[in-house]
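>>> generate coordinates for the sequence data below:
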Amino acid sequence: MKFPSPQPENDNGSLWDAKDVAVFLKVSRSWVYHRAEAGLLPCVRIGSLLRFDPDVIRRLVRATTLA
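Numbers count the residues shown, from 1 in each chain. Next comes the predicted model:
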């Protein structure tokens, strides 16, 4: 039986922050920051803030689980 992934509170079509990505992936925020800084997790830098496109993160998860 497959359980649905928890959805970030900010799932209204806007960009996600590291907390939203962490909730979706069930990982820590530091994991998200480390992967984003290493270029392994696509993100947009707005000043000193990292933001993530939810659709890109979802596609990345699907591509990774199918590989």
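
>>> buried ones in the worst-scoring helix or strand of the chain on mean pLDDT, by neighbour count?
The helix or strand of the chain with the lowest confidence, counting by mean pLDDT, DSSP states H and E, is helix 54-66 at a mean of 91. For helix 54-66, burial by neighbour count (16 or more other CB atoms under 10 Å) applies to 54, 57, 60. (Each C-beta comes from the backbone N, C-alpha and C, glycine too.)

>>> ok, residue 55 to residue 62 distance?
Between residue 55 and residue 62 the computed distance is 11 Å (CB to CB, to the nearest Å).

>>> correction: the previous question concerned residue 13.
Distance from residue 13 to residue 62, by CB to CB: 19 Å.

>>> same check on residue 26?
According to CB to CB, residue 26 stands 16 Å off from residue 62.

>>> residue ranges with poor pLDDT in this protein?
Counting by pLDDT under 70, the ranges of the chain that qualify are 1-12, 67.

>>> can you pull up the most central residue in it?
Nearest to the geometric centre of the chain sits residue 21, at 3.1 Å (CA atoms, centre = their mean).

>>> thinking it is in contact with residue 31, fair?
No. Assessed by CB atoms under 8 Å, residue 21 is found out of contact with residue 31, at 9.2 Å.

>>> need the residues that contact the least confident helix or strand of the chain.
8, 11, 13, 15-16, 20-21, 24-25, 41-42 (CB atoms under 8 Å, 6 or more residues apart in numbering).

>>> swap in stretch 32-44?
With CB under 8 Å, 6+ apart as the criterion, stretch 32-44 contacts 15, 18, 21-22, 25, 50-53, 56-57, 60.

>>> can you rerun that using 10 Å?
The contact list for stretch 32-44 (CB atoms under 10 Å, 6 or more residues apart in numbering) reads 15-25, 27-28, 31, 45, 49-53, 56-57, 59-60.

>>> ranges for the helices of this protein?
Applying DSSP state H to the chain gives helices spanning 18-25, 29-37, 54-66.

>>> may I see the buried residues of the second one?
For helix 29-37, the buried set under the neighbour-count rule, 16+ other CB under 10 Å, comprises 32-33, 35-36.

>>> could you list the alpha-carbon positions for that helix in PDB?
What follows is helix 29-37, C-alpha atoms only, in PDB (Å, rounded to 0.1, in the frame of the first residue of the first chain):
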ATOM      1  CA  ARG A  29      16.400  21.200   5.900                       C
ATOM      2  CA  SER A  30      20.200  20.900   6.100                       C
ATOM      3  CA  TRP A  31      20.100  18.000   3.600                       C
ATOM      4  CA  VAL A  32      18.100  20.200   1.200                       C
ATOM      5  CA  TYR A  33      20.600  23.100   1.600                       C
ATOM      6  CA  HIS A  34      23.700  20.800   1.200                       C
ATOM      7  CA  ARG A  35      22.300  19.200  -2.000                       C
ATOM      8  CA  ALA A  36      21.200  22.600  -3.500                       C
ATOM      9  CA  GLU A  37      24.600  24.200  -2.800                       C
END
